[in-house]
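> I'll drop the sequence and a predicted model, then ask my questions.
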Amino acid sequence: MSSLHNTLPPPEELQAIEDRYSSGLYAKHPIIIERGSGARLWDVNGKQYLDCSAGHGVANLGHTHPAIAKAIAEQASRLITLPETFYNPQRALYLQKLVNSTPGFERAFLCNSGTESVEAALKLARLTSGRQEIIATMRAFHGRTMGALSATWNKKYRQPFEPLVAGFKHVPYNDGQALEKAISSETAALILEVVQGEGGVYPVDPAYLSLAKDLCEQFGALLIIDEVQTGFGRTGKMFAIEHYPVQADLLCLAKSIAGGLAMGAVLMNAKFSNLSPGLHASTFGGNPLACAAGMAALEVIETENLAALAAVKGKYLLDKLSAIQSPLIREVRGLGLMVGIELKQKVTPYLRALENAGILALPAGLTVIRLLPPLVITYAEIDQVVEGITSVLSGGVSSD
Ligand code: PLP
């Protein structure tokens with residue numbers, strides 16, 4: 001352990017320092033996490049947690065994967081920062097590998113987060129189509145910068161910041177008729193999640209997705225697929241869109257793209273081949289450190305066969321959860337290792353009880369427990385998660 005760790009103030013003091021100096025914009029869990037490995041995290045008191053939140057879906061490869069740590073360390077002593085105005089070997093090779101990691105794309109814009117990737121996609125869609133209207137869906141979550149927030153549905157996130165960007169409208173998810181009514185030759189783009197994550201873990205209806213693609217083609221609108229949460233093996237394919245015979249025009253990526261390091265990207269198809277310099281950019285975008293981590297992440301996903309494993313482990317988890325006999329459960333649903341347990345009541349007390357039992361999970365809306373475990377989670381660890389959930393959902397947790 002480093003000398004920093006030997007000289008740390010006691011836990012209650014650390015918590016007070018963070019409370020005193022952080023923005024106040026986060027609802028904090030009263031746990032101080034200091035270390036992680038695979039699907040496990042440890043707090044400063046040595047208590048172990050099975051991490052089914054994976055840093056909000058970032059740690060697909062598990063925490064501190066040695067290949068990521070090595071790539072970051074090697075690149076950090078070579079070159080950390082370099083804007084895209086200069087060429088760089090790590091970036092060149094990474095761009096090639098990323099763009100070719102799924103069919104149908106020609107180029108990528110590199111940025112630093114999910115909301116930035118959505119922001120870029122919205123701008124590119126307006127630029128390329130020459131139109132303004134963006135159609136998004138109810139329950140969608142696309143991020144919190146002004147453009148991405150305009151595509152996000154939840155009024156809790158939107159209202160304090162209105163007026164948002166003009167030209168956005170929302171239609172019900174998985175409702176083909178509503179989309180048919182809304183789309184027109186004025187529409188620049190339709191933006192969709194293949195599985196709505198934050199909105200409640202709702203997988204897309206395949207017929208709806210095909211219709212959405214047909215309608216986009218018919219009206220000359222672009223299809224933006226937001227894979228910030230569903231990407232990089234999470235749903236059992238490299239990208240969730242690969243479960244369906246549909247091609248996106250723009251694919252938004254972030255979260256687990258670089259094994260835990262901050263990074264985002266937009267993949268673009270041939271419709272975006274004539275973008276002019278200066279129309280969009282990011283100082284940190286495509287920095288060699290993130291590119292090295294991104295390259296290592298793609299290699300790990302391939303060599304450890306993580307996407308295929310997520311499909312098998314996801315089915316194992318879903319089957320076990322579906323077998324839980326609890327009057328609290330309304331439905332269990334998901335795709336790969338992106339799983340939602342919808343309760344008949346609010347999930348907050350159950351999430352707290354799980355946390356006490358050493359299992360970290362996320363809410364999705366008010367009534368859904370969302371599980372996004374690292375794809376490297378073992379079967380024994382999945383069994384432990386299911387045991388914990390079974391016990392919490394059958395034990396007398398107060399729901400007020
Ligand atoms: N899009 C989706 C589908 C997301 O789930 C998220 C974050 O949860 C975002 C965009 C925004 O990503 P970030 O928090 O990195 O800005």
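It's in.
> and the host helix or strand of residue 12, what's buried?
Assessed by DSSP states H and E, residue 12 sits inside helix 11-21. In terms of neighbour count (16 or more other CB atoms under 10 Å), helix 11-21 has its buried residues at residue 15. To be clear about C-beta, it is placed using only N, CA and C from the backbone, and glycine gets the same treatment.
> hey, C-alpha coordinates of that helix in CSV?
The C-alpha atoms that make up helix 11-21 are tabulated as CSV, following Å, rounded to 0.1, in the frame of the first residue of the first chain:
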residue,chain,number,x,y,z
PRO,A,11,-13.2,7.0,7.8
GLU,A,12,-15.6,9.4,9.5
GLU,A,13,-13.2,12.3,8.9
LEU,A,14,-12.8,11.3,5.2
GLN,A,15,-16.5,11.3,4.7
ALA,A,16,-16.9,14.7,6.3
ILE,A,17,-14.1,16.1,4.1
GLU,A,18,-15.8,14.8,1.0
ASP,A,19,-19.2,16.1,2.1
ARG,A,20,-17.7,19.5,2.9
TYR,A,21,-15.9,20.0,-0.4
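> elements contacting that helix?
For helix 11-21, there is no helix or strand it packs on, judged by 3 or more CB pairs under 8 Å, 6 or more residues apart in numbering; DSSP states H and E.
> what does this protein have sitting close to the ligand?
When proximity is defined as CB under 6 Å from any ligand atom, the chain approaches the ligand at 56, 113-115, 118, 141-143, 193, 197-198, 226, 228-229, 254.
> out of those residues, name the two that are farthest from one another.
Greatest spatial distance in the residues of the chain next to the ligand: 113 and 193, 16.2 Å, computed using CB to CB.
> look at these two and report which has more neighbours.
Between residue 113 and residue 193, counted using other CB atoms under 10 Å, the more crowded position is residue 193 (26 against 20).
> contacts only, for residue 200.
By CB atoms under 8 Å, 6 or more residues apart in numbering, residue 200 lies in contact with 139, 340, 342, 364, 365, 367, 368.
> in strands only, show me these.
Among the contacts of residue 200, the ones falling in strands (DSSP state E) are 340, 342, 364, 368.
> show me which of these is closest to residue 233.
Nearest to residue 233 among these, with distances taken as CB to CB, is residue 340, at 18.2 Å.
> from memory the closest one sits against residue 198, does it?
No: checked against CB atoms under 8 Å, the pair residue 340 and residue 198 is beyond contact range at 10.7 Å.
> looking at those two, which is more packed in?
residue 340 (30 against 23).
> helix, strand or coil for the residue nearest the centre of the chain?
Central residue of the chain (CA atoms, centre = their mean): residue 229, 2.1 Å from the mean position. Following DSSP: H, G, I helix; E, B strand; the rest coil, the label given to residue 229 is coil.
> for the nearest residue to it once chain neighbours are set aside, give me phi and psi.
The shortest distance from residue 229 to any non-neighbouring residue, by CB to CB, 6 or more residues apart in numbering, is to residue 197 (4.0 Å). With angles defined as degrees, to the nearest 10, residue 197 sits at phi -90, psi -80.
> burial of residue 197, as a residue count?
Neighbour count for residue 197, taken as other CB under 10 Å: 26.
> need the contact list for it.
Residue 197 makes contacts with 57, 141, 229, 230, 338, 364, 370, as judged by CB under 8 Å, 6+ apart.
> list the residues that contact the fourth one.
Read that as residue 230. Shown in contact with residue 230 (CB under 8 Å, 6+ apart): 193, 194, 195, 197, 239, 240, 335, 338.
> dump the residues you listed to CSV, plus pLDDT and secondary structure.
As requested, the contacts of residue 230 are exported to CSV (pLDDT from 0 to 100; DSSP: H, G, I helix; E, B strand; the rest coil):
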residue, pLDDT, secondary structure
193, 98, strand
194, 98, coil
195, 98, strand
197, 98, coil
239, 98, coil
240, 98, helix
335, 98, strand
338, 98, strand
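> state the distance from residue 273 to residue 43.
Applying CB to CB, to the nearest Å, the value for residue 273 to residue 43 is 50 Å.
> and those two? Which one has more around it.
More crowded of residue 273 and residue 43, by other CB under 10 Å: residue 43, with 17 against 10.
> correct me if wrong: residue 341 contacts residue 332.
Yes: with contact defined as CB under 8 Å, residue 341 reaches residue 332; the gap is 5.3 Å.
> between those two, what contacts are shared?
Shared contacts of residue 341 and residue 332, counting by CB under 8 Å, 6+ apart, come down to residue 321.
> what about those two, which has more around it?
Taking other CB under 10 Å, residue 341 and residue 332 do not tie; residue 341 has more neighbours (28 against 21).
> for that one, which non-adjacent residue is closest in space?
residue 369 is the one closest to residue 341 (CB to CB, 6+ apart), at 4.4 Å.
> helix, strand, or coil at residue 56?
On the basis of three-state DSSP, residue 56 is classed as helix.
> okay, it: pLDDT?
Note for residue 56: predicted pLDDT of 97.
> just checking, it touches residue 363?
No: if you go by CB under 8 Å, residue 56 and residue 363 don't touch, sitting 11.2 Å apart.
> how about low-confidence regions in the chain?
1-6, 396-400 (pLDDT under 70).
> quick one, phi/psi of residue 311?
Per degrees, to the nearest 10, the backbone of residue 311 is at phi -60, psi -50.
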